[in-house]
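Colleague: this one's structure only:
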DNA sequence: GTCTATAAACTGATAGAC
DNA sequence: GTCTATCAGTTTATAGAC
């Protein structure tokens, strides 16, 4: 695993420097609008020298995603909710479970380089079907299915209002996706305030809970 | 106003044909990945001939947005909610008002060429700040402000639960933005089922109303 | 209004000297 | 592992014949 963000001193390592610069440029300018020469310029070498470290431009992108993917899965089965016990059905425990799924994503995003990688993913998803599918699966479908199951169980146990579990899980999830979309894609800010997003997500969880509780 | 979608017969007009082809290609392949030559090929002329109708590639894009913008504003102040009267405070009237904002967008999208133009907007918003701001203002900020005001009024009149009107308006809006994002950006489908989106939006409105009503 | 020909700039990638 | 030089391809856009 490449660790290209430890300290400036270690950034001397050219390969890691290339990746660090590539993350910065890809996330800001987009993959297509970043040339090998531009990356090399910033690193302080010539374009041809890049090919001593990577076989192609795409290989740089792949290495970036590999780094992200590893860290993503390292956080564990983030959306897995275990079998419900009796003690899980108390209000504070339910709110805790609702919070869990978002927390893991927020924790990933608290690593500053991760925000930039997520920006790349979001920007390149149209051109690259693999990226799109990764995003769709990991950020949309998987968490939704887990939440749908959870809602169904709570419904059967008579804890929340009857309704469509699929709709409930979408209502729960939509706000977070929307926030991510707004913060990462629409806004032109240099610095994304993850803590503020966390506060808003918590308000949403409260709102949602009050909507479905009996 | 250019009308490049009336009938095949009228598509003979080269300039309109160029725009129609550009919409198709830009929405599918993206602006950067569509070359002047490719557009010319499909139209049936040579690349250089495009410049008899447009001064630059960007001018084609601008003309497309002009068309969209005009139609968008033609639909009227879609998100304007007038002063509330006594009769507006009945449940069915409130639900009607909630439905209104979305309806206008859905009606725009029922024109098939509009879906493709919206796809272009969504795909190019990262590269083009003007597009990003247009989207942010017209689809996010304006409707949110109108809804916030509406929520505040309903709150003051004791019709809905007390809470943060800003949060309420976001909760209302997030689902629709999320749906748009999912349908237009993430999914790989040829044909977008607007009617199905409409059904889902209606379910959301119901869910939202049940969440805030007293 | 279309064509051919071409300019000028850029791209990713390679060969081979040092 | 970096450099220079260069290939081969692409792009937008222009000039000028018809």
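Modeller: Everything's here; your move. Predicted model only: the values in this text are computed from it and were never measured. Numbering: from 1, shown residues only, chains lettered A, B, ... in the order given.
Colleague: can you name the next helix or strand after the strand or helix carrying residue A:95?
Modeller: Assigned by DSSP states H and E, residue A:95 belongs to helix A:91-109. As assigned by DSSP H and E, the chain's next helix or strand after helix A:91-109 is helix A:112-124.
Colleague: what's next to that next one, contact-wise?
Modeller: Helix A:112-124 has contacts (C-beta atoms under 8 Å, 6 or more residues apart in numbering or on different chains) with A:4-5, A:20, A:23-24, A:26-28, A:30-31, A:61, A:64-65, A:67-68, A:71, A:108-109, A:131, A:134-135, A:181, A:184-185, A:192, A:194, B:126. Yep, even glycine has a C-beta here, placed from its N, CA and C like the rest.
Colleague: against DNA strand C, how distant is residue A:210?
Modeller: Separation of residue A:210 from DNA strand C (C-beta to the nearest atom of the strand, to the nearest Å): 51 Å.
Colleague: was I right about that residue contacting residue B:210?
Modeller: No: the pair residue A:210 and residue B:210 fails to qualify as a contact (C-beta atoms under 8 Å) at a distance of 10.9 Å.
Colleague: tell me if the helix holding residue A:95 is near chain B.
Modeller: No: Helix A:91-109 lies out of reach of chain B by C-beta under 8 Å from any C-beta of the partner chain, never closer than 13.8 Å.
Colleague: just want the angle from that helix to helix A:112-124.
Modeller: 80 degrees (axes from the mean of the first three to the mean of the last three C-alpha atoms, to 10 degrees).
Colleague: quickly list the domain ranges of chain A.
Modeller: A:8-57, A:75-212 (automatic domain parsing).
Colleague: quickly, which of the ones you listed bottoms out on average pLDDT?
Modeller: Mean pLDDT is lowest for domain A:75-212 out of the domains of chain A, coming in at a mean of 86.
Colleague: may I have the distance across it, first residue to last?
Modeller: 29 Å (C-alpha to C-alpha, to the nearest Å).
Colleague: show me the contacts for residue A:103.
Modeller: Here residue A:103 is in contact with no residue (C-beta under 8 Å, 6+ apart).
Colleague: quick one: the helices in chain A, in order.
Modeller: For chain A, applying DSSP state H gives helices covering A:14-29, A:36-43, A:57-74, A:91-109, A:112-124, A:129-135, A:142-156, A:165-181, A:194-212.
Colleague: buried ones in the first one, by neighbour count?
Modeller: Judged by neighbour count (16 or more other C-beta atoms under 10 Å in any protein chain shown), helix A:14-29 contains these buried residues: A:15-23, A:25-27.
Colleague: for stretch A:163-178, same thing?
Modeller: By neighbour count with 16+ other C-beta under 10 Å, stretch A:163-178 contains the buried residues A:163, A:165, A:167-178.
Colleague: can that stretch be found next to chain B?
Modeller: Yes: applying C-beta under 8 Å from any C-beta, one finds stretch A:163-178 in contact with chain B at A:163-164, A:167-168, A:170-171, A:173-175, A:177-178.
Colleague: contact residues of chain A facing DNA strand C?
Modeller: A:34-38, A:47-48, A:51, A:55-58 (C-beta under 7 Å from any atom of the strand).
Colleague: of those, which pair is most distant in space?
Modeller: Spanning the widest gap among the residues of chain A next to DNA strand C are A:38 and A:55, at 18.7 Å by C-beta to C-beta.
Colleague: between those two, tell me which one has more neighbours.
Modeller: Here residue A:38 and residue A:55 are compared on neighbour count by other C-beta atoms under 10 Å in any protein chain shown; more neighbours surround residue A:38, at 15 against 9.
Colleague: what sits against that one?
Modeller: Contacts of residue A:38 by C-beta under 8 Å, 6+ apart are residue A:25.
Colleague: that older thread, relative to DNA strand D, which of the domains of chain A is closest?
Modeller: With respect to DNA strand D, and counting by C-beta to the nearest atom of the strand, the nearest of those is domain A:8-57 at 3.2 Å.
Colleague: centre of the chain to that closest one, how far?
Modeller: Averaging C-alpha positions (C-alpha atoms, centre = their mean, to the nearest Å) puts domain A:8-57 23 Å from its chain's average.
Colleague: go on, stretch A:191-208?
Modeller: 15 Å.
Colleague: in it, which residues are buried?
Modeller: In stretch A:191-208, counting by 16+ other C-beta under 10 Å, buried: A:192, A:194, A:197-198, A:200-201, A:203-205, A:207-208.
Colleague: go on, stretch A:55-72?
Modeller: In stretch A:55-72, counting by 16+ other C-beta under 10 Å, buried: A:57, A:60-61, A:63-65, A:67-68, A:72.
Colleague: contacting residues around it?
Modeller: By C-beta under 8 Å, 6+ apart, stretch A:55-72 touches A:1-2, A:4, A:18-19, A:22-23, A:26, A:31, A:36, A:39, A:50, A:54, A:108, A:111, A:114, A:117-118, A:120-121, A:124, A:131, A:134, A:138.
Colleague: now, of the residues you listed, which are buried?
Modeller: For the contacts of stretch A:55-72, buried by 16+ other C-beta under 10 Å: A:4, A:18-19, A:22-23, A:26, A:31, A:36, A:39, A:50, A:54, A:108, A:114, A:117-118, A:120-121, A:124, A:131, A:134, A:138.
Colleague: just the terminal-to-terminal distance for stretch A:21-36.
Modeller: 11 Å.
Colleague: so that stretch, near DNA strand D or not?
Modeller: No: contact of stretch A:21-36 with DNA strand D (C-beta under 7 Å from any atom of the strand) is absent, the minimum separation being 10.3 Å.
Colleague: list of residues touching that stretch?
Modeller: A:38-39, A:42-43, A:47, A:50, A:57, A:60-61, A:64, A:113, A:116-117, A:119-120, A:123-124, A:127, B:32-33, B:126-127.
Colleague: what are the phi and psi values for residue A:193?
Modeller: phi -90, psi 90 (degrees, to the nearest 10).
Colleague: where's it relative to residue A:123, distance?
Modeller: 20 Å (C-beta to C-beta, to the nearest Å).
Colleague: what do you get for residue A:70?
Modeller: 21 Å.
Colleague: quick one: distance of stretch A:187-205 to the chain centre.
Modeller: A distance of 13 Å separates the centroid of the chain from that of stretch A:187-205, by C-alpha atoms, centre = their mean.
Colleague: ok, residues contacting it?
Modeller: A:95, A:98-99, A:102, A:106, A:109-110, A:115, A:175-176, A:179, A:183-184, B:129, B:132, B:136, B:164, B:167, B:170-171.
Colleague: give me that answer again for 6 Å
Modeller: A:98-99, A:102, A:106, A:109-110, A:115, A:175, A:179, A:183, B:167 (C-beta atoms under 6 Å, 6 or more residues apart in numbering or on different chains).
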